[in-house]
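Asks: predicted coordinates and the sequence they were generated for:
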Amino acid sequence: MMNLSSTLVETVSINYEDFNESFLTCGTCLCMFDGGEHSPKLLPCSHTICLECLTRIVATFARDSQFRCPICRELITIPRGGVQALPPSFLVNQLLDLMARQRREVVPKCSTHPNQELLFCETCDSVFCSTCTGGSHKTVGGGSQKTGTPGDTASTADHTVIPFSIAIKRMSEILIYKANECTAKLNTANDLVLEEMHRLDHSADDSFASVNKLFEDVIDAVEKRRIEVLAEVKAKKDEKRKVLEEQLQIIQKEKMEVDSEVEELQQQVEVRNITKKISELNCKLDTISHLSEPRENSYIEFCRVSGVSYQEAVKRLLTDVGKVKTSRTFPSLCRASMDTAIANLKNTTRVQTIDYHGKIQDVGGDPVTARVTNEKGEVVETLIEDKDDGSYNVTFTPLSVGTFCLKVEIFNRPIKDCPLFFEVTEHNPPIISFGSRGLQEKGFVQPCSLTVDAQDNLYVVDTGNSRIKVLSENLDFQNHIFNESLEGRSVTGVSLGSSGDTLVTVNWRTKTVTEMTLDGKTIGGFSHDELIEPIAVAVNSDGDVFVADNGVGSVMVFESSGKLKKKIGEKGKKAGNLKEMSSVCICDNGDLIVGDTRIVVFNSSGEFVREFGGIKTKEGSRGRYCGLSLDSSGLLLAARAEKGRSYIQVFNKDDGSIHSVIDSHGSKLKRPTGVSLSKSRDGFAYVVDIGNECVRKYRYK
């Protein structure tokens, strides 16, 4: 019994009846062409009509040895031998022969019923004889057959059954198709491997050239030094030779003078002259004796530095010229992983390299490339960091929401699942959240302000519990700070002192400003007659204390001793006027930023500069800014509370444009009342939410 897989029915085989009707049937009488009276004849107009139809048409409609084609009505001239002389349709005859051969193919028959063709059920992959099974079929166990029953007939009535011969032909076609598909893929693989080998040859040639260039440079340097040392030897030699040649010239000159004088004296007969010349020669002998010894010596020797093996030194030097770097990374197995991508926040995608055997690589150095594009095809700037442990960080910042595409390639080959399409969302959930309503370590009652020191310790004013809660950068509880100035549940503002190691608070009920150590010991404080409703406090680098007072409608600037220096702003409805202040922030350049129904900026002299943000309606401004904090790059984070909605806006401080928004999606902010930024890690912000009575940590870059 044959059991075949149902996955083989992927193609559509030709239906003999449809094929015969479309191509092997006369269009006039609808009889199938054959080799007899319905033999196909090809007309000059290219249509094919059977001989019987042509004979009838000529006998009935022929005029002047012409008749019209029954299909296209073109006028056809009858040949001299009649319609029998028209050429046969070779194409139709070939198709007839092909179909005849198909019909003559071996048709599988039942061994019990020789005249019964076997059938094949595509649904249950079984071959059966309809006579043996009573018109139905059923396979049991390993594919054996049982005689069908009425129940079996009902259960198999919706099965797809075809002749077994057609199933075999169809499977053969599928087999050929699959084989061709495999061959095509193998050819593609062959081309890719050959291309990689070609690139390997080029890479090796480049490496050969680099090595040759390096050693050629070394050889050039050695040769240059050899020439320099030889030149030094030659210079010493020439210097000595010059001295000796000058001495030799003096000797030759003296010799010539003596010879000349002797020759002259040989002609003399005057004894007195001869005696005088002898006396002169005796004197010259004393002079000549100084020329008898060379004024310079012949000693020249090249002395190598003792105890140094230049062969070994050069060998050691050349050992560190570089190394041949290869990689076992198999790009198709390498994978990329990323967290949720958020608009305007830096995203880091981690690429892990893996070799052909599935082993994670632990060394870097692979030529990794990455490209990120948005829906418009615009390229997003990317940065690739090699971690030297087999992994790579691809960082980029999407500036809009939508579908983005990441393509990562190693050796110009894509890694697994690339290109990777991912969605960039506008929603920015908190990283960590701490606290709930209560009195214990995790408890808050109306937390309304916070500040952060240089070590990223958070100091949160827990107003309802009359204390300051200290948290770590990961929002782990550290301790509580208690001070008499915190009593009365009326402290609404806190700031670091000018030195960064003290806390300054403002109490709206007692109208006092208090400075204390980080463990709660009072250092000093002051009050002032003009304070009415102080709500927020900030301290600049000079120690001046800025207190926002909604009762006065101004920001009052005090010296650390409590002496009032000036007032900035005034209450009103005009541009630059103040109405519902809730926070203040001081810039490095001395500018003052006030959070009101909108954000108001004053310069260091207290003059109004500009205002931005806020929502104006017919009834007036809606909502207000409850917390401000400025980072070193000029981004201003402003916590905004509106009726039914609260969020954090990130502004470009210089022009007031919105950089991004931290929304309340998923973890809604009810009423944020303070914002402070991490000092040790750029791009992180802490928000205190009096509505949820908790503190949350967010990313904003």
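Replies: Yep, it's here.
Asks: tell me how far stretch 213-224 lies from the chain's centre.
Replies: Relative to its chain's centre, stretch 213-224 lies at 41 Å (CA atoms, centre = their mean, to the nearest Å).
Asks: okay, now the unreliable bits of the protein?
Replies: Residues of the chain meeting the criterion pLDDT under 70: 1-18, 101-107, 135-157, 266-269, 617-621.
Asks: in it, which helix has the most residues?
Replies: The longest helix of the chain (DSSP state H) is helix 164-265.
Asks: show the subsequent helix or strand relative to it.
Replies: helix 271-288 (DSSP states H and E).
Asks: between that following helix and helix 164-265, how big is the angle?
Replies: Per axes from the mean of the first three to the mean of the last three CA atoms, to 10 degrees, the angle that helix 271-288 makes with helix 164-265 is 150 degrees.
Asks: for helix 271-288, which outside residues touch it?
Replies: 254, 258, 261, 265, 268 (CB atoms under 8 Å, 6 or more residues apart in numbering). Placement of C-beta: from N, CA and C, glycine included.
Asks: list the contacts for the first one?
Replies: Contacts for residue 254 (CB under 8 Å, 6+ apart) come out as 284, 287-288, 291.
Asks: next: residue 660.
Replies: 343-345, 428, 650, 700.
Asks: name every strand pairing with the host helix or strand of it and say which way it goes.
Replies: Using DSSP H and E, residue 660 maps to strand 658-662. Its sheet considered, strand 658-662 pairs with strand 645-652 (antiparallel) by DSSP bridges.
Asks: quick one: distance of the partner strand to the chain centre.
Replies: That offset, for strand 645-652, works out to 28 Å (CA atoms, centre = their mean).
Asks: what's the nearest residue to residue 606 if we skip its chain neighbours?
Replies: Ranked by CB to CB, 6 or more residues apart in numbering and with sequence neighbours excluded, the top spatial neighbour of residue 606 is residue 568, at 4.1 Å.
Asks: need phi/psi at the one you found.
Replies: For residue 568, the backbone dihedrals (degrees, to the nearest 10) come out as phi -120, psi 130.
Asks: again, but for the one 5 residues further on
Replies: Main-chain dihedrals, residue 573, degrees, to the nearest 10: phi -120, psi 0.
Asks: listing partners with orientation, what would you give for the helix or strand hosting residue 395?
Replies: Secondary structure assignment for residue 395, by DSSP H and E: strand 391-396. Partners of strand 391-396 in the sheet, by DSSP bridges, are strand 347-352 (antiparallel), strand 382-386 (antiparallel).
Asks: just how off-centre is that strand within its chain?
Replies: Averaging C-alpha positions (CA atoms, centre = their mean) puts strand 391-396 6 Å from its chain's average.
Asks: hmm, back to that, which of the contacts of residue 660 tops the neighbour count?
Replies: The residue in the contacts of residue 660 with the most neighbours, by other CB atoms under 10 Å, is residue 428 (25 neighbours).
Asks: ok, back up a step: could I get the contacts of residue 254 as CSV with neighbour count and distance to residue 321?
Replies: Formatted as CSV, those follow (neighbours: other CB atoms under 10 Å; distance: CB to CB, whole Å):
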residue, neighbour count, distance to residue 321
284, 14, 68
287, 9, 64
288, 15, 63
291, 14, 57
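Asks: using the three-state scheme, assign residue 674.
Replies: Counting by DSSP: H, G, I helix; E, B strand; the rest coil, the backbone at residue 674 sits in strand.
Asks: isn't it right up against residue 688?
Replies: Yes. With contact defined as CB atoms under 8 Å, residue 674 counts as touching residue 688 (4.2 Å).
Asks: so what sits against both of these two?
Replies: 447-450, 460, 627.
Asks: next, format those as TSV and append secondary structure.
Replies: As requested, these are exported to TSV (three-state DSSP):
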residue	secondary structure
447	strand
448	strand
449	strand
450	strand
460	strand
627	strand
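Asks: for those residues, which one is nearest residue 67?
Replies: Checking these against residue 67 by CB to CB gives residue 627 as the nearest, at 99.8 Å.
Asks: count the neighbours of the closest one for me.
Replies: Neighbours of residue 627 (other CB under 10 Å): 27.
Asks: what separation is there between it and residue 564?
Replies: 26 Å (CB to CB, to the nearest Å).
Asks: one step back: and of the shared contacts of residue 674 and residue 688, the nearest to residue 601?
Replies: Distances from residue 601 to those, taken by CB to CB, are shortest for residue 627, at 16.1 Å.
Asks: contact partners for the closest one?
Replies: Taking CB under 8 Å, 6+ apart, one finds 449, 582-583, 595, 637-639, 672-675, 687-688 in contact with residue 627.
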